[in-house]
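In: Build me a model:
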Amino acid sequence: MSVTRCAAARGFTLLEVMIAVVVFSIGLLGIAGLQVAGMRFTHDAHLRSIATAQAENMADRMRTNAAGMAAGNYDVSGAMPTSYPKDCDARQCTPAELATFDLVSWNTAVANKAVESNAGLLPGGDGVVCLDSTPDDGDTGNWQCDDKGSVYAVKLRWVERTSGANDTGQKTTGTTTLSADTERQRLVLRVLP
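Out: The predicted structure follows:
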């Protein structure tokens, strides 16, 4: 009798160990999923802090060039400029030239300014500065600047991964086709002259 009980006990212990391994494995998979989600949220927060810093950077540039801001040189009607007439870091510029230099180096990945630009710092990043009486309207595909009022709007957009997304398919936002697991984000900062 004692030999049979001992053999049965050994088999039961092995079964307990196998169940414990399965439960432990399921727990580890859950922890791995939380880790991935945490990393994604941390990355998204990092991109949002960069966007905030970029918007504040442009607001500071505008306040530094008060004459250019008062003359409306930062009000972009249509497309943002992509080149500047003078490198204002190296030469003296008029307020209008400085405004163009600020807009281009802030938004476009120009050879010597790539790391400072929206395009260089944010995935799919670009922005616009305009007079806008209703800065919060529009979406990531349409800035909706009305060129009215006295408040400047610094508007930024970038591509960010969405949480809980799968990596298949595509979707279209405005005129941009994105992966199904990404979405354009937007930030608007108001600047008073």
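
In: residue ranges with poor pLDDT in this structure?
Out: 1-12, 110-115, 140-141, 163-181 (pLDDT under 70).

In: Could you point out the longest helix of it?
Out: Across the chain, the longest stretch assigned as helix under DSSP state H is helix 2-64.

In: and the nearest residue to Glu183 once chain neighbours are set aside, how many neighbours does it have?
Out: Once flanking residues are discounted, Glu183 sits nearest to Thr162: 5.0 Å by CB to CB, 6 or more residues apart in numbering. For glycine as for every other residue, the C-beta is placed from the backbone atoms N, C-alpha and C. Neighbourhood size, Thr162 [other CB atoms under 10 Å]: 15.

In: can you offset everything so residue one is 825?
Out: Yes, from this point I'll number from 825; that puts the last item at Thr986.

In: does Thr986 really touch Thr1006, like I thought?
Out: Yes: with contact defined as CB atoms under 8 Å, Thr986 counts as touching Thr1006 (6.5 Å).

In: Am I right that Phe925 is in a strand?
Out: No: assessed with DSSP: H, G, I helix; E, B strand; the rest coil, Phe925 is helix; it does not lie in a strand.

In: what's the spacing between it and Asn889?
Out: 9 Å (CB to CB, to the nearest Å).

In: what's the answer for Val860, then?
Out: Relative to Asn889, and taking CB to CB, Val860 is found at 44 Å.

In: quick one: which of these two has more around it?
Out: Legend: neighbour count by other CB under 10 Å for Val860 and Asn889, higher for Asn889 (23 against 10).

In: Dihedrals phi and psi, that one?
Out: Torsion angles at Asn889 (phi, psi; degrees, to the nearest 10) stand at phi -100, psi 60.

In: give the contact list for it.
Out: Asn897, Tyr898, Pro919, Leu922, Ala923, Asp926 (CB atoms under 8 Å, 6 or more residues apart in numbering).

In: Could you do Gly949 as well?
Out: With CB under 8 Å, 6+ apart, Gly949 has these contacts: Ala875, Gln878, Ser941, Asn942, Ala943, Leu980, Arg981, Trp982, Val983.

In: List the contacts of the spatially closest residue to the third one that is not a sequence neighbour.
Out: So that's Ser941. Nearest non-adjacent residue to Ser941, counting by CB to CB, 6+ apart: Ala933, 4.9 Å away. By CB under 8 Å, 6+ apart, the contact set of Ala933 is Ser941, Ala943, Gly944.
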